[in-house]
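Trainee: Test case, fold it:
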Amino acid sequence: MDRLKKRADFLRVARGIRSVSGAVTLETAPTPDSEVSQNRLRVGFTASKKVGNAPARNRAKRRLRAAAAALLPLYGRPGHDYVLVARTATITRPYNVLLEDIAEALRKAHQKQRRGS
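Mentor: Just a heads-up that it's a prediction; the model follows:
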């Protein structure tokens, strides 16, 4: 997995498909042709100030990074960019339930993508 770091990438993915499940919002879009490398997927993480103060946002993003490392290699699609957006419940959600939330959001997003194409 590669990381999204540029604001332009986050904005492009935000215009794609959005799926909300439990304590996480997932945004996804195909990787631009100029950025595709060896059918790898790219992922970014974000948490707004609504989530809490800086330590709370950092904790939420750490939890999302750990969950994404466990799930995206299994359920993510190569050639796609994913952004996981933390919600307030991301911090207190039990880890196994957080994993289920992300898996469900991925499933929903992939269904929307199939319907759209």
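Trainee: Check which residues of stretch 3-13 are buried.
Mentor: Of the residues in stretch 3-13, 4, 9-10, 12-13 count as buried by neighbour count, 16 or more other Cβ atoms under 10 Å. Yep, even glycine has a C-beta here, placed from its N, CA and C like the rest.
Trainee: should've said stretch 34-43
Mentor: By neighbour count on 16+ other Cβ under 10 Å, the buried set for stretch 34-43 is 41-43.
Trainee: picking that back up, dump the buried residues of stretch 3-13 into TSV; add pLDDT and distance to R93 as well.
Mentor: What follows is the buried residues of stretch 3-13, written out as TSV (pLDDT from 0 to 100; distance: Cβ to Cβ, whole Å):
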residue	pLDDT	distance to R93
L4	93	23
D9	93	26
F10	96	23
R12	95	28
V13	95	23
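Trainee: give me the number of residues near H80?
Mentor: A total of 23 residues lie near H80 under the criterion other Cβ atoms under 10 Å.
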